[in-house]
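1. Sequence and predicted structure, then a few things I'm wondering about:
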Amino acid sequence: MTRRNQTIVSEFLLLGLPIEPGQQNLFYLLFLAMYLITVLGNLLIIFLIQLDSNLHTPMYLFLSNLSFSDICFSSVTIPKLLQNLLSQVPSIPYADCLTQMYFFLFFSDLESFLLVAMAYDRYVAICFPLHYTTIMSPKFCLFLVVLSWVLTTFHAMLHTLLMARLWFCEDNVIPHFFCDMSALLKLACSDTQVNELVILIMGGLILVIPFLLILMSYARIVSSILRVPSARGICKAFSTCGSHLSVVSLFYGTVIGLYLCPSSNNSAVKETVMAMMYTVVTPMLNPFIYSLRNRDMKGALGKVFSKKKIPLYI
Ligand SMILES: *[C@@H]1O[C@H](CO)[C@@H](O)[C@H](O)[C@H]1NC(C)=O
């Protein structure tokens, strides 16, 4: 290999948002508000679930895990984005960039696995109500959570190590608001065939299979409800499944669209907006869609605020 240009990139420029210079402050406030809503909303859910022993059931423990993952997921990208909106040179050192990529992959996979666990939990609860407590035992739930962490560590590590092999020479401008794997691959000077192959295979396994599992769970739920139709049951099931499915589709739809079907006519703006959807919007909506509409959560919230003193030593 001839290396005429020996300069090796030590930092990248994140030219993230396609916005006019004058709008920086407006977007700063917008993203700051969204970030605060995400963190506070999800913290509230974790807090309520920990506090109320009626909510120590598999569904709520998964939800609490999802909230934790949402907080971490948005903290991987948004604080750096906020910092860059204010600075003149939106740079990020090479090592930070890989670290951000690792945690981004880690928490997006974790989110994806937890959504599967939650869909499975609802499937067992609705289709096998009598066996629910034996199937979803605390041990099994813990197993699902630990399995998610192990798989996601492996997957994120694999992509990060493959990325660390690559050599970046001249171009260091990332047309994105975080160190996105596919944007980094486009800048690499070395051969990226192996990386692309691994993205395709692992992306297929890690995104498409969970998505199909979720769709299958909800399809079974809907068909089991339609078999014994009662107006109230149908209404309740469709409102629950409908809102879960809308989050799931928003998350998987944009991720699959971006990574598995990257078409060359996707403009940078379109990709950024799609990435915004699942990095900023879904973590913010999850708490509202999964829980704050829910009667048990509202009950727990009411209990906390009606008591003067919260017994923290339960
Ligand atoms: C995550 O789920 C596990 C298993 O259900 C549970 O023991 C744990 O408390 C949950 N973690 C959080 C942060 O809610």
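-> That came through fine. Numbers count the residues shown, from 1 in each chain.
2. Model confidence for residue 38, exactly?
-> pLDDT recorded at residue 38 is 94.
3. Now it. Nearest residue, chain neighbours left out?
-> residue 284 (4.4 Å; Cβ to Cβ, 6 or more residues apart in numbering). Backbone N, C-alpha and C define where each C-beta goes, glycine included.
4. how close does the one you found get to the ligand?
-> As defined by Cβ to the nearest ligand atom, to the nearest Å, residue 284 lies at a distance of 19 Å from the ligand.
5. ok, that residue - contacts?
-> 34, 37, 38, 41, 74 (Cβ atoms under 8 Å, 6 or more residues apart in numbering).
6. Which parts of the stretch 201-314 of the chain are helices?
-> Taking DSSP state H, counting those that start in this stretch as the test, the helices found in the stretch 201-314 of the chain are 209-227, 231-259, 268-276, 282-287, 295-306.
7. With respect to burial, which of these scores highest?
-> helix 282-287 (a mean of 24; mean count of other Cβ atoms under 10 Å).
8. So what does residue 178 look like in phi/psi?
-> phi -150, psi 170 (degrees, to the nearest 10).
9. about what we covered before: the contacts of residue 284 in helices, which ones?
-> 34, 37, 38, 41, 74 (DSSP state H).
10. where's the residue of the chain at minimum distance from the ligand, which helix or strand?
-> In the chain, the residue that lies nearest the ligand is residue 64 (3.2 Å; Cβ to the nearest ligand atom). Element membership for residue 64, per DSSP states H and E: helix 58-86.
11. If we go by neighbour counts, what in that helix is buried?
-> 58-78, 80-82, 84-85 (16 or more other Cβ atoms under 10 Å).
12. Now the element after that helix, going C-ward?
-> Past helix 58-86, the next helix or strand by DSSP H and E is strand 91-93.
13. Buried residues in that following strand, which are they?
-> By 16+ other Cβ under 10 Å, the buried positions in strand 91-93 come out as residue 92.
14. and that strand, what does it pack onto?
-> Judged by 3 or more Cβ pairs under 8 Å, 6 or more residues apart in numbering; DSSP states H and E, strand 91-93 is in contact with strand 11-14.
15. Show me which residues of the strand it packs on are buried.
-> Buried residues in strand 11-14 (16+ other Cβ under 10 Å): 12, 13, 14.
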